[in-house]
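Enquirer: Got a sequence here, can you model it:
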Amino acid sequence: MTRVFVARMVGLPVLGPDGEHIGRVRDAVSAVSVGPRPPRVLGLVVGVGSRRRIFVPMLRITAIDAGAVTLSTGQVNLRPFAQRPNEVLVVGEMLDATVRVVDRQIDATVVDVLMEHTRSRDWLITRLAVTERLGVLGRRGPVQVLPWAAISGLSLAEEGQGTEQLLATFDDMRPADVARALLDLPTRRRYDVADALDDERLADVIEELPGDEQRDLLRHLASERAADVLEAMDPDDAADLLADLPDPESEQLLGLMEPEDSQSVRRLLTYSADTAGGMMTPEPIVLAPDATVAEALARVRNPDITPALASMVFVCRPPSATPTGRYLGCVHSQRLLREAPFELVAGVLDAELTRLHPDAALTEVTRYFATYNLVCGPVIDDNDHLLGAVTVDDVLDHLLPEDWRSEDPDPTTTGGLRVPAAALPPTSKGGRRA
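Expert: Below you'll find the model as predicted:
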């Protein structure tokens, strides 16, 4: 089935690929809707045993029919389900909710919810089965199945939620999910949320927005705050944003930034955006040769460092700030885990790994990552100074279409080209909370 009423799924057995019984459907979980776009169904709540309820992502589901729900694997995460602030229980919260039929301006009650499998392989809540309230001794009219956009009262924007309530909803969401939700908000409301976010959180969200929306939000901010937000952004993202602004505007913001922050951004702006120098971050993990493995692992554990950047540490002669002293080599994080904590990083160097030149074109950088199976690589100048590091996310940003951030995410497509499901990596056991 590609169209299913959720209430009718409750109680259906959930089976593994070989027919083994896992549990029964108890509810469905959708993302909070912001604006008129239909919300995405994230997964199912499955009852296992008499009391335990677990979460099964929709990507694990291969078939839904009148008799059962079939999963792609018999391995499930048995961690008890815990609802997040940005999630809605379809049966538990949407059913029996009072909504408004927009064109007739009358109240109605939700009696069921239709979720539909789209071409992007997402399950979306596209229609609601409602009954109108006739106001006579509690009588209700006949059941009508209406499009999501024909109903108000279930999305944040339509409920007139204040900015504080929106912020509470966004609090536990990843920056990319907050950015996607902001795109659904009216411009005025988007500005209100931006004004209320702190500089670091706003910087993380702006990095995930399409270019036009990045520039729009930055121009909405007062110049001094815009400079503070740019300082909180990753230097390579700040450089990309400033490069798209007129020179006088860009120069004004650079002048308001702290010198140590603006200096690294100015250096990145000297390179073409589609070269290793233009894509690199100037703040990789840099250690002196007398640093120990324990010190290196402590740096890698920093939660503010992205997983790609934490996959490799670079060893250089002083100074350690880029451009560094003479580059000696790198150490992969996996190698650090295999060594004694008291060993020196100088003794476990990979000095033979090919280096990227700052003028290396995008195609050369892409081949580099594919050839050496890396997610991070050093950028070295002609004088053996480490200038920064390119990570795989920087490469993907340039390979994907310019408007990829404004499109609904689809794990089975890349740049509009469909990828066979078998080619996708398996979902981790803890995928929902990973």
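
Enquirer: Just the strands from the stretch 101-250 of the chain, written as ranges.
Expert: Listed from the start of the chain, the stretch 101-250 of the chain has strands (DSSP state E, counting those that start in this stretch) covering 106-117, 123-133, 140-147, 151-152.

Enquirer: And for the stretch 301-434 of the chain?
Expert: Under the criterion DSSP E, counting those that start in this stretch, the stretch 301-434 of the chain carries strands at the ranges 312-316, 327-332, 376-380, 386-391, 413-414, 417-418.

Enquirer: Single out the most deeply packed of those strands.
Expert: Mean neighbour count (mean count of other Cβ atoms under 10 Å) peaks for strand 386-391 among those, with a mean of 27. The C-beta positions use only the backbone N, C-alpha and C, and glycine is treated the same way.

Enquirer: just checking, what packs against that one?
Expert: In terms of contacts (3 or more Cβ pairs under 8 Å, 6 or more residues apart in numbering; DSSP states H and E), strand 386-391 is packed against helix 276-279, strand 312-316, strand 376-380.

Enquirer: Just put those in JSON lines and tack on mean pLDDT.
Expert: What follows is the helices and strands packed on strand 386-391, written out as JSON lines (pLDDT from 0 to 100):
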{"stretch": "helix 276-279", "mean pLDDT": "92"}
{"stretch": "strand 312-316", "mean pLDDT": "96"}
{"stretch": "strand 376-380", "mean pLDDT": "95"}
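
Enquirer: The ones you listed into a markdown table, with extra columns for distance to residue 241?
Expert: Shown next, in a markdown table, are the helices and strands packed on strand 386-391 (distance: least, Cβ to Cβ, whole Å):
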| stretch | distance to residue 241 |
| --- | --- |
| helix 276-279 | 13 |
| strand 312-316 | 26 |
| strand 376-380 | 20 |
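
Enquirer: wait, which of those is closest to residue 202?
Expert: Residue 202 sits nearest to helix 276-279 of all the helices and strands packed on strand 386-391, at 23.2 Å, using Cβ to Cβ.

Enquirer: what does that closest one rub up against?
Expert: Contacts of helix 276-279 with the rest of the structure, by Cβ atoms under 8 Å, 6 or more residues apart in numbering, involve 236, 239, 268, 270-273, 356-360, 362, 364-365, 379, 387-388, 390, 394-395, 397-398.

Enquirer: Which ones among the residues you listed map onto helices?
Expert: Applying DSSP state H to these, the entries found in helices are 236, 239, 268, 362, 364, 365, 394, 395, 397, 398.

Enquirer: Just the buried residues of the residues you listed.
Expert: Applying 16 or more other Cβ atoms under 10 Å to the ones in helices among the contacts of helix 276-279, the neighbour count classes 236, 239, 268, 362, 365, 394, 395, 397, 398 as buried.

Enquirer: so can I have TSV of the strands of the stretch 301-434 of the chain showing distance to residue 11?
Expert: Putting the strands of the stretch 301-434 of the chain into TSV (distance: least, Cβ to Cβ, whole Å) gives the following:
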stretch	distance to residue 11
strand 312-316	50
strand 327-332	50
strand 376-380	48
strand 386-391	46
strand 413-414	34
strand 417-418	34
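
Enquirer: Looking at those, which is nearest to residue 129?
Expert: When the strands of the stretch 301-434 of the chain are ranked by distance to residue 129, counting by Cβ to Cβ, first place goes to strand 413-414 at 31.1 Å.

Enquirer: Would you agree residue 57 is in contact with residue 43?
Expert: Yes. Taking contacts as Cβ atoms under 8 Å, residue 57 lies within contact range of residue 43: 4.3 Å.

Enquirer: Report how many residues lie close to residue 383.
Expert: Close neighbours of residue 383, defined as other Cβ atoms under 10 Å, add up to 8.

Enquirer: Tell me where the model's unsure across the chain.
Expert: 34-35, 85, 120, 135-139, 156-163, 165, 402-434 (pLDDT under 70).
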